[in-house]
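S.K.: Sequence and computational prediction follow.
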Amino acid sequence: MLLINLLKPHLDFISLIEQSGIVTVLIITVAFFLILLVLGVRKSYKLKAENEKLSKKSNASSTKDNKQYKDFTEGHLYD
């Protein structure tokens, strides 16, 4: 009984250290995944903007190509 009473204040300190250690690890883990999430969202917006830019460029070039297209079948006889 005397030993338990002597160790009780030390056990509370040890449990406090364990809790703060766990909280620190959890904070670091959450921060890491938040950074990954922010980088992923940023990359998504960049890819979306690049896709729209390429889509506009593709549409512009396809309309230009359609105007320059000449029908080559007029000079040939097909059945």
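M.R.: Thanks, I have the structure now. Numbering: from 1, shown residues only.
S.K.: quick one: contacts for residue 33?
M.R.: Not one residue lies near residue 33 by C-beta atoms under 8 Å, 6 or more residues apart in numbering. C-beta here means a position set from N, CA and C on the backbone, and glycine is covered the same way.
S.K.: Helix, strand or coil: sort out it for me.
M.R.: At residue 33, secondary structure determined by DSSP: H, G, I helix; E, B strand; the rest coil is helix.
S.K.: gap between it and residue 20?
M.R.: Distance, residue 33 to residue 20, using C-beta to C-beta, to the nearest Å: 21 Å.
S.K.: again with residue 60
M.R.: The gap separating residue 60 from residue 20 is 60 Å, by C-beta to C-beta.
S.K.: And the pLDDT for residue 37?
M.R.: Per-residue confidence at residue 37 stands at 98 (pLDDT).
S.K.: can you count the residues close to it?
M.R.: With neighbours defined by other C-beta atoms under 10 Å, the count for residue 37 comes to 10.
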